[in-house]
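Undergrad: model this:
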Amino acid sequence: MQLFYNPKITETTEQFSFNKEESKHIAKVLRKKEGDILYITNGMGWLFKAEISIANIKKCIANIISRERKPKRSYNLHLAVAPTKMNDRYEWFLEKATEIGIDNITPIICDHSERKIVKQERFEKIIQSAMKQSLNCYLPKLNEAIKFNDFLKQDFKGQKFIAHCEETDRKSFKAEIQPNQEVTILIGPEGDFSVKEIETAIRNNFIPVTLGTTRLRTETAAIVACHSVAFLNE
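TA: Numbers count the residues shown, from 1 in each chain. Have a look, this model is predicted:
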């Protein structure tokens, strides 16, 4: 099954048209014709089955013939990850985290961050593509980049963790996480969090944790954390 994404479709939509780019892809690349079936999600949990009524490379139109609301996962995961020096590494993280299962992603700008500007539009497209590829009907929310201290001022529910590499008292993330919870995890930049940032997070009730015995890259640490939560909740 190939999944398409259209955020404008709602549970009451009966007919809709694809934009020019998608219409060309459907009619010319996929060689779909009138009467063929397409599957679409709006990224909010709905899976729509639609029948093509007009297969035109400039404007493809489809009629909704059935709709289904997919159940949400039993947990909610928010990863706050510092942008990596190389954009492609962060893009890899976004893709894989979306495939594994994540709800919110926030790029956090830290004391040791080498990159402080993110490509929001490109990151959104990567997340959308990964959602479709993994046949997921829930689109993770990509928040705008925010400074570390400003991020901590928000009100978080559930469990809160900061993963760092300082040789201080840290707990095992695997041992601390609980199933069916809202989980927020902070992952620092290549140079790790500063001591001051770690202390600030702890004062804000974030539990300091380790993700294993080896030093991990930022994007690897984020994926390990994401998979650990997903695996626990299987």
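Undergrad: can you show me the helices along this structure?
TA: In the chain, the helices defined using DSSP state H lie at 20-24, 87-100, 120-133, 148-152, 173-176, 195-203, 218-232.
Undergrad: can I get those helices in CSV with mean pLDDT and mean neighbour count?
TA: Every residue, glycine included, has its C-beta placed from N, CA and C. As requested, the helices of the chain are exported to CSV (pLDDT from 0 to 100; neighbours: other Cβ atoms under 10 Å):
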stretch, mean pLDDT, mean neighbour count
helix 20-24, 90, 15
helix 87-100, 97, 20
helix 120-133, 96, 16
helix 148-152, 97, 18
helix 173-176, 95, 15
helix 195-203, 96, 16
helix 218-232, 97, 21
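Undergrad: tabulate those helices (CSV), appending distance to G45.
TA: Formatted as CSV, the helices of the chain follow (distance: least, Cβ to Cβ, whole Å):
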stretch, distance to G45
helix 20-24, 21
helix 87-100, 15
helix 120-133, 12
helix 148-152, 27
helix 173-176, 28
helix 195-203, 32
helix 218-232, 18
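Undergrad: figure out which of those is closest to Y75.
TA: helix 218-232 (6.4 Å; Cβ to Cβ).
Undergrad: now do the closest one against helix 87-100, angle only.
TA: Helix 218-232 and helix 87-100 meet at an angle of 0 degrees, taking axes from the mean of the first three to the mean of the last three Cα atoms, to 10 degrees as the criterion.
Undergrad: run the chain-centre distance for helix 218-232.
TA: Relative to the centre of its chain, helix 218-232 is centred 12 Å away, using Cα atoms, centre = their mean, to the nearest Å.
Undergrad: all strands for the protein, in order.
TA: For the chain, the strands defined by DSSP state E occupy 3-5, 15-17, 37-41, 46-54, 61-69, 76-81, 104-109, 141-142, 146-147, 159-163, 171-172, 182-187, 207-210.
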